[in-house]
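> Show me how the following folds:
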Amino acid sequence: MICRLDHAVWSARVVRLAPDTKPERVACAIRTDGHVTARPGERPEETRQAETGTDERTPIYLACPEPTSVHDHVGCVRPNLRLRTRTALATAARSRGLATPHDDEIRATRGALDEFEVADESLERYRAQVAETAEAVERAREDAAEARGRLRERRENGLATDAAERRLEEVLAALSEAETEAIAARERYERERARRRTRLDERDRRLRLEDRLGNLERRARKQLTERVREEFERALTAVPNARSEAEKPFDADPVDAALAIARLGRLRAPVVVAVDRFDSPTAAAQWLSADVVYI
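Numbers count the residues shown, from 1 in each chain. Modelled structure (predicted):
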């Protein structure tokens, strides 16, 4: 890996950073920055040490192979680590290429879920349009009735009717337009209501698929963890200066469990080690068989 901290650059299998470095920042740099791989035959120097402080303003850049998914679980081993041991162990098994009979169905179910794009659009806007256009029709009908009454009155009294006739034509045209808008608003409302029923059906189907996927993934995790359980137990007992006192391996101290899982998984990217289980950074790298950023 190549580590750049402020103005200093190291190329090494093990980099030691100052104690005030936040391990989460280093892990973030590993997972988000550019990735490079060593050229064939290149052997970087074994260890480089940086004793400069690394506060929040100090940029950290780490170029390394791209992390595997297990790195998200055990790529940053620090005090007070929260670890879902079974999930992390199953992910480590996956990183080694292990498979289960459920994998094809899991992929198919995920593919079906990816096809969903369910919108939850309220019908309130369409109801409001129906109400507004209905009110406009009522106002137009009142205007038409008033215009007819005036025209009739002028005819009965022998008065000129040209202006009254023009007024009646105008309000009848407005009434026709309002009725057309009301019909269109009602059709939009009915159409959207039908679409919403379809979307609700799709949402129900999506929820069923999500439940199915969750069940499949739980079964797959169980099988994967069982396949590597013995290796995990052996790695757990081999953790230097282990703190675990639990009788069951899956109840082990999270730091010990994370180190054991990192040892048996395929990480590719460096492991951030910010705990005192090892005698030296080099010992940590040798035990984990991985590049290490040691804090």
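
> so how far does stretch 9-22 reach from one end to the other?
Distance between the two ends of stretch 9-22: 19 Å, counting by CA to CA, to the nearest Å.

> in it, what counts as buried?
Residues of stretch 9-22 classed as buried by neighbour count (16 or more other CB atoms under 10 Å): 10, 11, 12, 13, 14, 15, 16, 17, 21, 22. (Glycine included, C-beta is placed from N, CA and C.)

> quick one, strands of the stretch 1-150 of the chain?
Secondary structure of the stretch 1-150 of the chain (DSSP state E, counting those that start in this stretch): strands located at 2-5, 8-16, 45-49, 60-63, 76-77.

> how about the buried residues of stretch 9-22 in TSV, adding distance to residue 173 and pLDDT?
Formatted as TSV, the buried residues of stretch 9-22 follow (distance: CB to CB, whole Å; pLDDT from 0 to 100):
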residue	distance to residue 173	pLDDT
10	83	78
11	82	83
12	85	85
13	85	89
14	86	91
15	82	90
16	86	90
17	80	87
21	78	84
22	73	87
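
> any chance of these in CSV, with distance to residue 124 too?
Below are the buried residues of stretch 9-22 laid out as CSV (distance: CB to CB, whole Å):
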residue, distance to residue 124
10, 61
11, 62
12, 62
13, 62
14, 62
15, 58
16, 61
17, 56
21, 53
22, 48
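
> tell me which of the residues you listed is nearest to residue 181?
Distance to residue 181 across the buried residues of stretch 9-22 (CB to CB) is lowest for residue 22, with 62.0 Å.

> mind giving me the domain ranges of the chain?
2-101+230-294, 124-216 (automatic domain parsing).

> so which of the strands of the stretch 1-150 of the chain gets nearest residue 131?
Of all these, strand 76-77 comes closest under CB to CB, at 57.3 Å.

> Now do the closest one, average pLDDT.
Averaged across strand 76-77, pLDDT comes to 94.

> Just checking: what are the partner strands of that strand?
strand 271-273 (parallel) (DSSP bridges).

> the longest helix in this structure is where?
The residue-count maximum for a helix in the chain (DSSP state H) belongs to helix 162-238.
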